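>>> Fold the stuff below for me.
(one chain, ligands or ions: 1)
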Amino acid sequence: MPELPEVETVRRVLHERYRGRTITAVAVGKPTFYRAPPLAAIRALTGGVIAGFRRRGKYLLADLEGRGCVVFHLGMSGRLTVGEESPHVRFQFWVGEEAVRFHDARRFGRVGCALPQLGPEPMDAAFDADYLRGVLRGRSASVKALLMDQRLVAGLGNIYASEALHRARVRPARAGKSLSRTETAALADACREVLRQGVELGGATLDDESFLDPLGRPGRMQERVKVYGRAACGTCGGPLRDTRRPIGGRSSLHCPACQR
Ligand SMILES: [Zn+2]
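Below is the predicted model of the structure:
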């Protein structure tokens, strides 16, 4: 699933390219998403002038002059592209001659959805070791599940949560409340650091998800990944292990030698 750095990468391309431009037409594909975009979103976009694109957590927001904003969520594997055809175009809008297309084979994406309540992002001033300590304190849920709960911390999914835990040398299945003060501080730093690096490198393009930016360019964060989707630990070279039970329905690779 596209996480904060991938959505930010998409945002930067669209913002740069379309800020101040007018959306000339909108079309909803068939079959559409599980839930079609609401009429209000279609109306706001059609003929709207793009004031800019913002991001909140993993959500992309198109601000339209005098018409509020329309929220996009890429779902599990959705892509926004400039041009580019596929059998999975669910939604598209035109800016002049250019079509911006929302491709979504798995149909979990949304256009015009409500922005849910989201916690602070690790790069926000509100997110620090004290905040994270408050999130983990007294919680018997796994630290990884807590990191991926968007109401508590916005922006981390499986890739970046796995990598942050590796860098902080903490195993994903540990109960939130079991982390020491030092581990919590290291984890807060690691969350900030992996996301910052992910944004700087234009997101992660892994074999299974194959993230590409709207112009079809891959990211480079996968070169820095130490555990996610790997066979051996990128830090010590040892074998990786998965958790006994999946966390949030997903695998949680970690290194039993590097992480405690
Ligand atoms: Zn290791």
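>>> Count the neighbours of His73 for me.
Residues near His73, counting by other C-beta atoms under 10 Å, number 21. Yep, even glycine has a C-beta here, placed from its N, CA and C like the rest.
>>> hang on, it packs against Gly109?
Yes - counting by C-beta atoms under 8 Å, Gly109 is a contact partner of His73 at 6.0 Å.
>>> What does the pLDDT read for Glu209?
Glu209 is assigned a predicted lDDT (pLDDT) of 55.
>>> swap in Thr32?
64.
>>> Kindly report the same for Ala257.
98.
>>> ok, it - contacts?
By C-beta atoms under 8 Å, 6 or more residues apart in numbering, Ala257 lies in contact with 233, 236, 238.
>>> Helix, strand, or coil at Thr81?
Secondary structure for Thr81, judged by DSSP: H, G, I helix; E, B strand; the rest coil, is strand.
>>> quick one, strands of the chain?
Ranges of strands within the chain are 23-28, 50-56, 59-64, 68-73, 79-82, 89-95, 98-103, 110-111, based on DSSP state E.
>>> Kindly list the main-chain dihedrals of the residue nearest to Arg230 when sequence neighbours are not counted?
Nearest residue to Arg230 in three dimensions, chain neighbours excluded: Leu240, at 6.3 Å (C-beta to C-beta, 6 or more residues apart in numbering). Per-residue torsions, Leu240: phi -90, psi 160 (degrees, to the nearest 10).
>>> Please report how far Leu240 lies from the ion.
8 Å (C-beta to the ion, to the nearest Å).
>>> Counting neighbours, what do you get for that residue?
Per other C-beta under 10 Å, the neighbour tally for Leu240 reads 24.
>>> residue contacts, it?
227, 230-233, 253-255.
>>> coming back round to it: please identify the deepest-packed of the strands of the chain.
Most buried of these by mean neighbour count (mean count of other C-beta atoms under 10 Å) is strand 110-111; its value is a mean of 26.
>>> hang on, the earlier thing: so which of the contacts of Ala257 is surrounded by the most neighbours?
Neighbour count (other C-beta under 10 Å) singles out Cys233 as the most crowded of the contacts of Ala257, with 21 neighbours.
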